[in-house]
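Novice: predicted model and sequence below, questions to follow.
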Amino acid sequence: MTNPLARLRVLLVDDNIRTIDLVKTMLRGFGFEQFYEATNIADAQQILRTKPVDLVLLDYILGPEEGVTLARWIRANPASKHEDVPIIMLTGHADRARVVAARDSGVNEICVKPFTPADLMKRMLTTFESPRPFIRNPGGYVGPDRRRHNDPKYKGPDRRRGPAMI
C-alpha cells in the first residue's frame, strides 16, 4: 500500500537552511517525499506561481521580512494560484501579537519552535482532518475561519448565521 503523504508537495519557507533540513527530515519520517524550498518571500512567491503546492510550512521571521506577509499574499492574490493551500506557521516568536497577526493573515495552524515531530504532525492532522470553513470576504479577510469554537453562552450578534461568505 502506498503512503498518501508521498504524493503531497510541501513548500518549506525559512531563512535558515538548517531548519529546512531538520523539518524535511521530520517530514520524510512521516512519509512525505516532495519538497520545494525557499529562503525568502520572493523565491516562495515564484514557486507558488509555477509549481503545485499542497502544504506550506512558513517561518515567521525571514531575515528582514515576516512570514505573515507571504501568508497574506497567498490568501489574497490570485497570482499565488494557492489561495486555499494549508499554511502552518513555524515560529520561535509566539507572543500574543504575533500569534494574532499570523491568525489574521490566514494561517491555518501555528507550531512553536522548538517543536517535536509529534507537535508538527498534530498541527498537520488538525489542518487536513478537521479543516475549518474557508472564508472569502471581498476586500477583507481570506483564510480559514478564525473562530475555532461555538460558545453556547455567547448572547451577542451572531454573524455566523448570516449569508455564507464561502
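Specialist: Perfect, I can see it now.

Novice: pLDDT below threshold where in this protein?
Specialist: By pLDDT under 70, the low-scoring segments of the chain are 1, 147-152, 154, 156-166.

Novice: now do the strands in the protein.
Specialist: Secondary structure of the chain (DSSP state E): strands at 9-13, 34-38, 55-59, 61-62, 65-66, 87-91, 109-112, 134-136, 142-144.

Novice: between those strands, which one is closest to residue 79.
Specialist: strand 142-144 (13.7 Å; Cβ to Cβ). Where C-beta positions appear, they are placed from N, C-alpha and C, glycine not excepted.

Novice: how about residues contacting the closest one?
Specialist: The contact list for strand 142-144 (Cβ atoms under 8 Å, 6 or more residues apart in numbering) reads 71, 75-76, 83, 105-108, 131-136.

Novice: each with direction, which strands does that strand pair with?
Specialist: Partners of strand 142-144 in the sheet, by DSSP bridges, are strand 134-136 (antiparallel).

Novice: and the strand it pairs with, what's buried?
Specialist: Neighbour counts over strand 134-136 (16 or more other Cβ atoms under 10 Å) mark 134-135 as buried.

Novice: sorry, back to before: how about the strands of the chain in a markdown table, adding distance to residue 118?
Specialist: Conversion of those to a markdown table gives the following (distance: least, Cβ to Cβ, whole Å):
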| stretch | distance to residue 118 |
| --- | --- |
| strand 9-13 | 18 |
| strand 34-38 | 20 |
| strand 55-59 | 16 |
| strand 61-62 | 24 |
| strand 65-66 | 27 |
| strand 87-91 | 14 |
| strand 109-112 | 11 |
| strand 134-136 | 27 |
| strand 142-144 | 22 |
